[in-house]
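Enquirer: With the sequence up front, the predicted model follows.
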Amino acid sequence: MIGSNISHYQILEKLGEGGMGVVYKARDLRLDRFVCIKILRAEQLKDESRKQRFIQEARSASSLNHPNIITIHEIDQADGIDFMVMEFVAGKTLEQLIPGGGMPVTDVLKYAIPIARALAAANAAGIIHRDVKPGNIMVGANGIVKVLDFGLAKLTSQEVSADDETQVLKGHTAEGTIVGTAAYMSPEQAQARPVDGRSDIFSFGAVLYEMVSGRRAFSGANQMSTLAAILEKEPAPLTGRDSRIPRELERVVMRCLRKDPERRFQHMADLRVALEELKEESDSGKLTPAQPARETRRRKWLVPGLSAALVLLAVAGGWL
């Protein structure tokens, strides 16, 4: 495939692949520019539902004109190959950028705000992403954030499997089919119940948690145990392990991760505003790290100790 042409696109190098297709860097020979071209796997062509998901991704993303959402140039077919052409973003995914100990708070807010803006725009247009995860967020070399892969957005077709983490799980309920990436699903998504924008808020909260801490909010030995953790367990406190994390940021993250959708932020736009306010406080120096637990315990003992010492001094002074 490398070096060959599809329509007026010259395939240069392979960038990645998943269950639906393979993504290549290519050159648009007409406009002389780099693009990404996503080619639907040949074996997927026989399954109409999988082909519809491919088309759904192009339609969903192309209907959104937003600086933080990947731009779709076209979807076409040539020589029996179905392909989608997107803008090329030179950079790394958020998954590649998150270090083991988590990102600095300033970086968390720098990347989180444009993600929230993109998802708010999608939700406002009636599009629920349903697969918000670090691997679907690209940070360009210029620092611009792009939300990718709308392949599961408002998906209604049945059972579309994938080789990567994103997949329609085999389990079914009376209400539907479970779709998405296990570690970032909302509880209602994990139970195949109807979802709205608050499901994206939960998933984004899981991404925020990972950005801040360097570890996933919910994990298990396999997909089913991960889903069980999402339904039954609460994520470990952020400030309990890391004193550099402001409590205000922890409150925002944990509010996103509430099991009951009614107790989360109700709109992505509200979450975006909350993050923007935190950034303003951070830039002005008002957003301070949480008090280390060890220091807090020391102060709890220090205050009574000082009080007792003052009483003794007063008694001694009176005796003298």
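Expert: Arrived safely. Predicted model only: the values in this text are computed from it and were never measured.
Enquirer: Now stretch 38-53: average pLDDT?
Expert: Average pLDDT, stretch 38-53: 72.
Enquirer: Please read the previous query as pertaining to stretch 67-79.
Expert: So the average pLDDT for stretch 67-79 ends up being 90.
Enquirer: Would you map the strands across the stretch 1-150 of the chain?
Expert: With DSSP state E, counting those that start in this stretch as the criterion, the stretch 1-150 of the chain has strands at 5-6, 9-17, 21-28, 33-40, 72-78, 81-87, 91-93, 137-140, 145-147.
Enquirer: The shortest one pairs with which strands, and in what direction?
Expert: Counting by DSSP bridges, the strands paired with strand 5-6 are strand 9-17 (antiparallel).
Enquirer: dump the residue contacts of residue 9.
Expert: Neighbouring residues of residue 9 by C-beta atoms under 8 Å, 6 or more residues apart in numbering: 26-29, 35, 37, 83, 85. (Glycine included, C-beta is placed from N, CA and C.)
Enquirer: Same check on residue 24?
Expert: 1-2, 11-15, 36-39.
Enquirer: mind redoing it with 10 Å?
Expert: Residues in contact with residue 24 (C-beta atoms under 10 Å, 6 or more residues apart in numbering) are 1-2, 6, 9-17, 35-39, 83.
Enquirer: can you pull out the strands in the stretch 151-300 of the chain?
Expert: 166-172, 177-181.
Enquirer: lowest-confidence stretch among those?
Expert: Minimum mean pLDDT among the strands of the stretch 151-300 of the chain: strand 166-172, a mean of 41.
Enquirer: any low-confidence regions in the stretch 1-150 of the chain?
Expert: 18-20, 42-47 (pLDDT under 70).
Enquirer: Not counting its neighbours along the chain, what's nearest the most centrally placed residue in the chain?
Expert: Centroid check for the chain by C-alpha atoms, centre = their mean gives residue 133 as the closest residue, at 3.4 Å. For residue 133, ignoring the flanking residues on the chain, the nearest one in space by C-beta to C-beta, 6 or more residues apart in numbering is residue 184 at 4.5 Å.
Enquirer: quick one: the helices in this structure?
Expert: 48-62, 94-97, 105-124, 187-190, 197-213, 223-232, 247-256, 268-284, 293-319 (DSSP state H).
Enquirer: Buried ones in the first one, by neighbour count?
Expert: Within helix 48-62, the residues that qualify as buried are 50-51, 53-54, 56-62, counting by 16 or more other C-beta atoms under 10 Å.
Enquirer: From those, pick the one nearest residue 94.
Expert: Nearest to residue 94 among the buried residues of helix 48-62: residue 61, at 17.6 Å, using C-beta to C-beta.
Enquirer: Name the nearest residue to that closest one, ignoring sequence neighbours.
Expert: residue 150 (4.4 Å).
Enquirer: pretty sure that neighbour is in contact with residue 136, am I right?
Expert: Yes. Proximity of residue 150 to residue 136 meets the contact threshold set by C-beta atoms under 10 Å, at 9.0 Å.
Enquirer: Now the common contact residues for those two.
Expert: 70, 129.
Enquirer: Would you quantify the distance from residue 270 to residue 148?
Expert: For residue 270, the distance to residue 148 (C-beta to C-beta, to the nearest Å) stands at 24 Å.
Enquirer: Repeat that for residue 187.
Expert: Residue 187 is 24 Å from residue 148, by C-beta to C-beta.
Enquirer: Tell me which of the two has more neighbours.
Expert: Set residue 187 next to residue 148 and count neighbours by other C-beta atoms under 10 Å: residue 148 wins out with 21 against 18.
Enquirer: Now the phi/psi pair for the more buried one, please.
Expert: Reported as degrees, to the nearest 10, the phi and psi values for residue 148 are phi -110, psi 180.
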